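1. whatever this is, show me its structure:
(one chain, ligands or ions: 2)
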Amino acid sequence: MPQKTGAPAGLAGKIALPGSKSITNRVLLIAALAQGKSHISGALKSDDTTYMAQALRQLGVTVEDAGDTDFMVTSTGTLTPSQAPLFLGNAGTAVRFLTAAAANIKGTTVLTGDAHMQKRPIAPLVEALNAAGVTATAPTGCPPVTVSSEGGFSKRTIEVDASLSSQYVSALMMAGTKGDAPFSLRVKDGDIGARGYIDITLECMKAFGANISQTAPLSWDIANTPYAARDYWVEPDASAATYIWGINALLDTAIDIGIAPEAMMQPDAKAYDFIKQFPNLPAVIDGSQMQDAIPTIAVLAAFNNHPVRFVGIANLRVKECDRINAVATELNRIQPGLAEEIGDDLLVTPDRSLIGRTVKADIHTYHDHRIAMAFAQAALVIDGIRILDPGCTAKTYPGYWRDLQSVGVEMTFE
Ligand SMILES: O=C(O)C1=C[C@@H](OP(=O)(O)O)[C@@H](O)[C@H](O)C1
Ligand SMILES: C=C(OP(=O)(O)O)C(=O)O
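-> Ligands and ions are numbered 1, 2, ... in the order given. As a prediction, the model looks like this:
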């Protein structure tokens, strides 16, 4: 568990952020569905991408670890059945993307995850697969999921309810290129949390040769053309960038991450426009289009000039933990009254006088990388804060604490 021991005033230097989790796991899967060899560079190596890579190996694909940020994927373009269940930890992208991809496997595939994943909803994706003529079951509404298929979607026009997760849509899209006819996908009731993640999916698919036309704001026709193997560079992770942007804003430092937010296609890059306004963050922030950045901005908001209400964040309750409750509970652990849950909104009422004070508080992290990484900001300006279970950052950013040390943060681990 890290606890800051040195004054952070002079933080400076460069951090090479890890590659995007969202893009790495999309490109790993798409490369596995393409015939030939794809070199993925700039990739994230972390728990989430390791689970994806290992599952693809179980499905007959050669995935080589070719260095700290590289994968080499060699595939026939067809996934083969695995006798053993695919164990995917708490990697939402891996579970959802592979559940839909399993529809293209002739036979039965079981997908499961850890205790946290077994509480994360998947029923809407299972229903969509059933509507596509595939037998899929998830008795609890959460993983484990069993998918039995003849090898493809027999019904080629379906709808999906994406109100709980955009990943269901991305999953069906990436799997939809296989088959003997085009695939039409529509989001039910035009309701989706983070549209930006669909756009990343479309970009990755197109990069590997997919042919997609948008027929309405949330409807697409996906041609049944095969993916083409290629080399692909993964941009740095925008959600990881938010912690460094937050630290720079809070401490008025200039740690260099080597990439501008405008150069990133991930939705969380939008968080920069808010973070740069600190200590005058807007009074209301709609988090629907930058959900993973909300813990970062909410912890920063505890040191803002005025209160901030976060809206559009109901989906945060079904992430790695209930992030609305976790952020509120841990801010209030630092000082009661800093945060309040109002329905599915989060109200943060700041106290700038906390900066430079000593408050003995153990921050619980709920096995959630983003809670640990976001609360590092508070630990940099308040003495006495300990972040429990710091190893949980391994889900998407195993080198987080080491990177902070490299720019001058002194911390102790117990
Ligand atoms: O598609 C993706 O890569 C992701 C979509 C978002 O999840 P939901 O679509 O479940 O909201 C996000 O929170 C997650 O970290 C990554
Ligand atoms: C919600 C997240 O992850 P996932 O859904 O991919 O497990 C996240 O990384 O914040």
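2. for stretch 334-344, the averaged confidence score.
-> For stretch 334-344, mean pLDDT rounds to 98.
3. gap between the two ends of that stretch?
-> Using C-alpha to C-alpha, to the nearest Å, one end of stretch 334-344 lies 22 Å from the other.
4. next, the buried residues of that stretch.
-> In terms of neighbour count (16 or more other C-beta atoms under 10 Å), stretch 334-344 has its buried residues at 334-335, 338-339. Using the backbone N, CA and C atoms, a C-beta is placed for each residue, glycine as well.
5. check contacts around the residue in the chain that ligand 2 sits nearest to.
-> Residue nearest to ligand 2 within the chain: Gly92 (2.4 Å; C-beta to the nearest ligand atom). By C-beta atoms under 8 Å, 6 or more residues apart in numbering, Gly92 lies in contact with 117, 120, 165, 167, 319.
6. go back to those and keep what's next to ligand 1.
-> 165, 167 (C-beta under 6 Å from any ligand atom).
7. which of the contacts of Gly92 sits closest to Lys276?
-> Ranked by distance to Lys276 (C-beta to C-beta), those are led by Lys319 at 24.8 Å.
8. can you count the residues close to the closest one?
-> Residues within reach of Lys319, counting by other C-beta atoms under 10 Å, total 23.
9. how about Lys188?
-> Residues near Lys188, counting by other C-beta under 10 Å, number 16.
10. and what of Gly36?
-> 14.
11. elements contacting the host helix or strand of it?
-> For Gly36, the host element (DSSP states H and E) is strand 36-41. Secondary-structure packing of strand 36-41 (3 or more C-beta pairs under 8 Å, 6 or more residues apart in numbering; DSSP states H and E): helix 21-33, strand 71-75, strand 232-233.
12. partners of that strand, with directions?
-> strand 71-75 (antiparallel), strand 232-233 (parallel) (DSSP bridges).
13. would you reformat those as TSV and include distance to Ala378, mean pLDDT and mean neighbour count?
-> Shown next, in TSV, are these (distance: least, C-beta to C-beta, whole Å; pLDDT from 0 to 100; neighbours: other C-beta atoms under 10 Å):
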stretch	distance to Ala378	mean pLDDT	mean neighbour count
strand 71-75	35	98	21
strand 232-233	34	98	18
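14. let's have those in TSV, adding distance to ligand 2.
-> Formatted as TSV, the strands paired with strand 36-41 follow (distance: least, C-beta to the nearest ligand atom, whole Å):
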stretch	distance to ligand 2
strand 71-75	18
strand 232-233	19
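15. nearest to Ile105, out of those strands?
-> Here strand 71-75 is closest among the strands paired with strand 36-41 (C-beta to C-beta), at 13.1 Å.
16. what's the spacing between the closest one and its chain's center?
-> 22 Å (C-alpha atoms, centre = their mean, to the nearest Å).
17. just the C-alpha atoms of it, please, in CSV.
-> Only the C-alpha atoms of strand 71-75 are listed here, as CSV (Å, rounded to 0.1, in the frame of the first residue of the first chain):
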residue,chain,number,x,y,z
PHE,A,71,1.6,-8.7,-29.6
MET,A,72,2.0,-10.9,-32.7
VAL,A,73,-1.4,-12.5,-33.7
THR,A,74,-1.5,-15.3,-36.2
SER,A,75,-4.8,-16.8,-37.1
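18. next secondary structure after it?
-> Counting by DSSP H and E, the element after strand 71-75 in chain order, helix or strand, is strand 86-87.
19. give me the contact list for that following strand.
-> 51, 55, 58-59, 98, 109-113.
20. in its sheet, what does it sit against?
-> Applying DSSP bridges, one finds strand 86-87 paired with strand 107-112 (parallel).
21. hmm, the partner strand in reach of ligand 2?
-> No - between strand 107-112 and ligand 2, judged by C-beta under 6 Å from any ligand atom, nothing touches; the nearest distance is 13.5 Å.
22. can you list the buried residues in that strand?
-> 109-112.
23. let's have those in a markdown table, adding distance to ligand 1.
-> Below are the buried residues of strand 107-112 laid out as a markdown table (distance: C-beta to the nearest ligand atom, whole Å):
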| residue | distance to ligand 1 |
| --- | --- |
| Thr109 | 20 |
| Val110 | 21 |
| Leu111 | 16 |
| Thr112 | 18 |
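24. could you work out the most separated pair of those residues?
-> Largest pairwise distance in these, by C-beta to C-beta, is 10.6 Å, between Thr109 and Thr112.
25. quick one, phi/psi of Pro350?
-> Taking degrees, to the nearest 10, you get phi -70, psi 160 for the backbone angles of Pro350.
26. ok, it - contacts?
-> Taking C-beta under 8 Å, 6+ apart, one finds 301-308, 338 in contact with Pro350.
27. burial count for Thr140?
-> Thr140: 12 neighbours (other C-beta under 10 Å).
28. how near is it to Gln118?
-> 7 Å (C-beta to C-beta, to the nearest Å).
29. interface residues of this protein facing ligand 2?
-> 90-93, 292, 319-320, 370, 396.
30. the contacts of Gly92 in helices, which ones?
-> Gln167 (DSSP state H).
31. so which of the contacts of Gly92 wins on neighbours?
-> That'd be Gln167 among the contacts of Gly92, by other C-beta under 10 Å, with 27 neighbours.
32. need the helix or strand of the chain with the lowest average pLDDT.
-> strand 2-4 (a mean of 63; mean pLDDT, DSSP states H and E).
33. all strands in the stretch 201-350 of the chain, in order from the N-terminus.
-> Assigned by DSSP state E, counting those that start in this stretch, the strands in the stretch 201-350 of the chain fall at 212-216, 219-222, 232-233, 284-286, 308-311, 339-342, 345-348.
34. go on, the stretch 51-200 of the chain?
-> With DSSP E, counting those that start in this stretch as the criterion, the stretch 51-200 of the chain has strands spanning 62-65, 71-75, 86-87, 107-112, 135-137, 145-149, 157-162, 183-192.
35. out of those, flag the one nearest Pro236.
-> Once these are compared by C-beta to C-beta, strand 71-75 is nearest, at 16.2 Å.
36. next, the angle from that closest one to helix 21-33.
-> 30 degrees (axes from the mean of the first three to the mean of the last three C-alpha atoms, to 10 degrees).
37. who touches strand 71-75?
-> By C-beta under 8 Å, 6+ apart, strand 71-75 touches 24, 28, 31-40, 43, 53, 56, 60-66, 229.
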